[in-house]
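J.: Sequence isn't available, so here's the structure alone:
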């Protein structure tokens, strides 16, 4: 693996607030506080044994304020971008003699305040967006109109995600709740329409106190003082898992809160199945690699029971951790990569590039050599999750109050074998108590923040 922070003028030294790779051409799109979107072509450094780079491709100008989020449609034909002031714009790709050109297509008008996150449905027919106006909106991308308004949050909606199997959607707010919506189809005049209804509100967990007959509920997530505009959550490409950042876990009522990310199993989205504790800074963004990989068969201690490996990235305010579903430790750690908060994560479609954007005005680009992360599974061999009721998380890997052996295989690995370090308000509590998560049963991790191992823990 090679890479680092690329010292170029990305957005006139203004913060870079989002990034995404085109699903076909692998062009990298970045969004900045300079009101513009820029497209970049990646330049491999493997043959020269040096860090990868980028070359400027084109500029998209139409927004009148800072652009906070952008995502390409699954087909790659459209690009959606959201900005301050409620601006949400669709761009369309056009093929000309001079090459591919992106042009303004349509403004989607309803949000009254800053749009912080958005996501396409897997068929490209819908977009879900979250805003500072406390709303989630599902848009009909073909009609460029509002399809449904989800208004359950009481504070800023800072992250949204769409189940690739199109049964669920999720939203995450600084009101310290993650809402899970289920698609209940309705028929109007013989026409079937999707209708998303809130199924779970994940907010608190129960913690046992000395007297085992009593327990108290503590919040699972950071409050609005989290020093980030974003809480970007992510579904796995097969729909098995929902990965949620900005976790704050207390193993006992008197213990210090620990920064974590939570893994939710598709079998039960009402409570976390795993947690990834130990980061010294809050986790602000997570994202799964779109590629699946063959099993390595080298680790039988995995929490996940999948016929393939999935890889995902976890970004704190200043560091990056990469996991796979066959290991219990991170396979890559890149510490202190930016001087200001990381804002977004993006994987290239083949999984050979990983990009980070930051408020310091720069982006980091990592490149993985051929099969460095593993042997990719061809599209025709990929297996979707066929049984939504079958949990892909092992239910009894860890007994109550028992963590993974900290002396397990060394976590300091570079893409599998060596460690990498680059130079570096509350929701109405009576409303949904029945749907809140139950307590993670884990041992409190050590309080020392420096170079801490992040070890997944099963939740009782």
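T.: Cool, got the structure. Here the structure is a predicted model, which is why all the values come from computation and not from measurement.

J.: Against residue 86, how distant is the closest residue to residue 133 other than its chain neighbours?
T.: In space, and not counting its chain neighbours, residue 133 is closest to residue 113: 4.2 Å by Cβ to Cβ, 6 or more residues apart in numbering. (Each C-beta comes from the backbone N, C-alpha and C, glycine too.) Going from residue 113 to residue 86 by Cβ to Cβ, to the nearest Å gives 6 Å.

J.: Can you work out which residues contact both of the two?
T.: Common neighbours of residue 113 and residue 86, counting by Cβ atoms under 8 Å, 6 or more residues apart in numbering, are 131, 133.

J.: Spit out the contact partners of residue 312.
T.: 234, 236, 243, 286-289, 322-324.

J.: a strand runs through it, doesn't it?
T.: Yes - assessed with DSSP: H, G, I helix; E, B strand; the rest coil, residue 312 lies in a strand.

J.: Specify the beta-bridge partners of it.
T.: According to DSSP bridges, the partner residues bridging residue 312 are residue 288, residue 323.

J.: And residue 157, by the same measure?
T.: Counting by DSSP bridges, residue 157 is bridged to residue 173.

J.: how far away is it from residue 150?
T.: Distance from residue 157 to residue 150, by Cβ to Cβ: 9 Å.

J.: which neighbours do those two share?
T.: Common contacts of residue 157 and residue 150 (Cβ under 8 Å, 6+ apart): 135-136, 171.

J.: And the buried ones among these, selectable in ChimeraX?
T.: Selecting only the buried entries of these in ChimeraX, with 16 or more other Cβ atoms under 10 Å as the criterion:
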select :135,136,171
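
J.: quick check, nearest of the shared contacts of residue 157 and residue 150 to residue 256?
T.: residue 171 (28.5 Å; Cβ to Cβ).

J.: just to revisit the earlier point, if you look at the shared contacts of residue 157 and residue 150, which of them are in strands?
T.: 136, 171 (DSSP state E).

J.: could you dump the shared contacts of residue 157 and residue 150 to CSV with pLDDT and distance to residue 61?
T.: Shown next, in CSV, are the shared contacts of residue 157 and residue 150 (pLDDT from 0 to 100; distance: Cβ to Cβ, whole Å):
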residue, pLDDT, distance to residue 61
135, 98, 27
136, 98, 28
171, 98, 30
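
J.: before we move on, the earlier item: from memory the residue nearest to residue 133 sits against residue 87, does it?
T.: No - contact criterion Cβ atoms under 8 Å: residue 113 and residue 87 do not qualify, at 10.4 Å.

J.: who's more crowded, those two?
T.: residue 87 (22 against 14; other Cβ atoms under 10 Å).

J.: Tell me who's in contact with the closest residue to the more buried one other than its chain neighbours.
T.: Residue nearest to residue 87 in three dimensions, not counting chain neighbours: residue 63, with 5.7 Å by Cβ to Cβ, 6+ apart. The contact partners of residue 63, taken as Cβ under 8 Å, 6+ apart, are 35-37, 81, 83, 87, 89.

J.: repeat that with 7 Å
T.: 35, 81, 83, 87, 89 (Cβ atoms under 7 Å, 6 or more residues apart in numbering).

J.: quick one: it and residue 342, what's the gap?
T.: From residue 63 to residue 342 the distance is 22 Å (Cβ to Cβ).

J.: try residue 118
T.: Using Cβ to Cβ, residue 118 is found at 18 Å from residue 342.

J.: what's the answer for residue 269, then?
T.: Distance from residue 269 to residue 342, by Cβ to Cβ: 26 Å.

J.: These two: which is more packed in?
T.: The neighbour count for residue 269 versus residue 342, taken as other Cβ under 10 Å, is higher for residue 342 (27 against 23).

J.: what's near enough to touch residue 153?
T.: With Cβ under 7 Å, 6+ apart, residue 153 has these contacts: 134, 171, 173, 175, 177, 179.

J.: May I ask which helix or strand of the chain has the lowest mean pLDDT?
T.: strand 457-458 (a mean of 54; mean pLDDT, DSSP states H and E).

J.: And the strands in the stretch 301-450 of the chain, which stretches?
T.: Along the stretch 301-450 of the chain, counting by DSSP state E, counting those that start in this stretch, strands occupy 311-316, 320-324, 332-334, 342-347, 353-358, 363-367.

J.: Show me which residues of stretch 259-276 are buried.
T.: 259-267, 269, 271-276.

J.: my bad, stretch 302-314
T.: So, applying 16+ other Cβ under 10 Å, buried residues of stretch 302-314: 302-304, 306, 308-314.

J.: Closest one of the residues you listed to residue 72?
T.: residue 313 (17.8 Å).

J.: Now for residue 128: which residues touch it?
T.: Residue 128 touches 118-119, 136, 138, 160, 162, 169, counting by Cβ under 7 Å, 6+ apart.

J.: Turn these into JSON lines, columns for secondary structure and distance to residue 329.
T.: Putting the contacts of residue 128 into JSON lines (DSSP: H, G, I helix; E, B strand; the rest coil; distance: Cβ to Cβ, whole Å) gives the following:
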{"residue": "118", "secondary structure": "strand", "distance to residue 329": "33"}
{"residue": "119", "secondary structure": "strand", "distance to residue 329": "29"}
{"residue": "136", "secondary structure": "strand", "distance to residue 329": "35"}
{"residue": "138", "secondary structure": "strand", "distance to residue 329": "38"}
{"residue": "160", "secondary structure": "strand", "distance to residue 329": "30"}
{"residue": "162", "secondary structure": "strand", "distance to residue 329": "30"}
{"residue": "169", "secondary structure": "strand", "distance to residue 329": "31"}
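
J.: List of residues touching stretch 165-174?
T.: 121-123, 128, 130, 136, 150, 153, 155-163, 178-183, 196, 223-224, 226, 231, 233, 239, 242, 244, 269.
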